[in-house]
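Colleague: mind folding the following:
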Amino acid sequence: MKKINLAITGCMGRMGKHIIKSAISDKNFKIVTLTENRIIKKRINGIRPSLNTIEAFKKANLIIDFSVPKCTFEILKISSQLKKKVIIGTTGFSEKEENLIKKYSRKIPILKAGNMSLGINLLMYLTEIASKSLGDKFLSKVFEVHHKHKKDHPSGTALMLGRGIAIGKKTEFYKLVGKKYLNKKSFPYGKKINFNSLRKGEVVGEHEVAFSSGKEIITLNHEAFDRALYSEGALVAAKWLNKKKPGLYSMRDVLNFS
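Modeller: Sure thing, here's the model as predicted:
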């Protein structure tokens, strides 16, 4: 099989480093470009990182982006011009930015996921089923824990799980977003979805969706121990997306959840 020429953005970040490591050991990929939002003088895997430019991405078939929203849109603008496929693992987008990503997906194949792990995407699927089955008599909330270095909150995964609740209720997600707490020991259920984010230590990721009727509580949870599950998931997604036409896809499409 012909190797996929891969560009990795945010190459000095936590996820960038993990994706480089996973891609090096995967015979389906050849890393041709690494980028950052600042000048990096040292070489990584024989490649000197560059800024996000047209020239940098010319040799790539596909770009994996774990950076920040500002950089993501630099990459999407260039990718749209060069007709490159893009995996977006970046989180923290506004509703307006989400809609802009949809517009870019009319021109190029884009796979966007707040989390690339099989377990989390199964958790979202189960969240949708639970939300639909339990109905409006149950209130909900989402709790997540990440390492102390993570800047955005709630996490992209927590928001993704919130969307799962909204899908189950057949309601627009942004109409159901409730209060967003940070580092609270406890927080309430609500008719809208309340979120609580805890930042501590070097936690890879913990997520919990809870439903309560006041008489019983149902919880669905997931705990990650190794960031390799995210980078390996991103590469599974990249292999899948490499054969697709323009459109906006998710890990649910990759995993063929009905």
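Colleague: low pLDDT regions in the protein?
Modeller: Within the chain, the segments meeting pLDDT under 70 span 1, 258.
Colleague: need the residue closest to the centroid of it.
Modeller: Among the residues of the chain, the one closest to the centroid is residue 114, at 2.2 Å (Cα atoms, centre = their mean).
Colleague: can I assume that residue sits in a strand?
Modeller: No: judged by DSSP: H, G, I helix; E, B strand; the rest coil, residue 114 forms no part of a strand; its state is coil.
Colleague: excluding sequence neighbours, find me the nearest residue to it.
Modeller: In space, and not counting its chain neighbours, residue 114 is closest to residue 156: 3.2 Å by Cβ to Cβ, 6 or more residues apart in numbering. Bear in mind the C-beta positions are built from the backbone N, C-alpha and C, glycine included.
Colleague: residue contacts, residue 229?
Modeller: Contacts for residue 229 (Cβ atoms under 8 Å, 6 or more residues apart in numbering) come out as 116, 117, 118, 119.
Colleague: go through those residues and name the one nearest residue 217.
Modeller: Distance ranking of those against residue 217, using Cβ to Cβ, places residue 119 first at 21.4 Å.
Colleague: just give the number of residues close to the residue lying closest to that closest one once chain neighbours are set aside.
Modeller: Excluding its sequence neighbours, the residue lying closest to residue 119 (Cβ to Cβ, 6+ apart) is residue 222, at 5.1 Å. Residue 222 has 21 neighbouring residues, counting by other Cβ atoms under 10 Å.
Colleague: surely residue 212 touches residue 189?
Modeller: Yes: between residue 212 and residue 189 a contact is recorded at 4.9 Å, counting by Cβ atoms under 8 Å.
Colleague: mutual contacts of those two, please.
Modeller: Counting by Cβ under 8 Å, 6+ apart, the residues touching both residue 212 and residue 189 are 139, 140.
Colleague: how about stretch 227-246: buried residues?
Modeller: 227, 229-238, 240-242 (16 or more other Cβ atoms under 10 Å).
Colleague: quickly name whichever of these is closest to residue 61.
Modeller: The shortest approach to residue 61 among the buried residues of stretch 227-246 belongs to residue 242, at 6.5 Å (Cβ to Cβ).
Colleague: list the contacts for that closest one?
Modeller: Residues in contact with residue 242, defined by Cβ under 8 Å, 6+ apart, are 4, 61, 62, 85.
Colleague: okay if I get those as a markdown table plus secondary structure and distance to residue 172?
Modeller: Below are the contacts of residue 242 laid out as a markdown table (DSSP: H, G, I helix; E, B strand; the rest coil; distance: Cβ to Cβ, whole Å):
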| residue | secondary structure | distance to residue 172 |
| --- | --- | --- |
| 4 | strand | 36 |
| 61 | coil | 35 |
| 62 | strand | 31 |
| 85 | strand | 29 |
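Colleague: show me which of these are buried.
Modeller: Of the members of these, the ones counted as buried by neighbours, 16+ other Cβ under 10 Å, are 4, 61, 62, 85.
Colleague: over to the closest residue to residue 183 other than its chain neighbours: give its phi and psi.
Modeller: Using Cβ to Cβ, 6+ apart and skipping the chain neighbours, the partner closest in space to residue 183 is residue 198 (5.7 Å). Backbone torsions of residue 198, given as degrees, to the nearest 10, read phi -110, psi 130.
Colleague: tell me what residue 198 is bridged to.
Modeller: residue 145 (DSSP bridges).
Colleague: in its sheet, what does the helix or strand hosting residue 31 sit against?
Modeller: If you go by DSSP states H and E, residue 31 is part of strand 29-34. In the sheet, strand 29-34 lines up against strand 4-9 (parallel) (DSSP bridges).
Colleague: which parts of the partner strand are buried?
Modeller: Neighbour-count burial for strand 4-9, counted by 16+ other Cβ under 10 Å, picks out 4, 5, 6, 7, 8, 9.
Colleague: next secondary structure after that strand?
Modeller: Next element after strand 4-9 (DSSP H and E): helix 14-24.
Colleague: which other helices and strands contact that next one?
Modeller: With contacts defined as 3 or more Cβ pairs under 8 Å, 6 or more residues apart in numbering; DSSP states H and E, the packing partners of helix 14-24 are strand 4-9, strand 29-34, helix 228-241.
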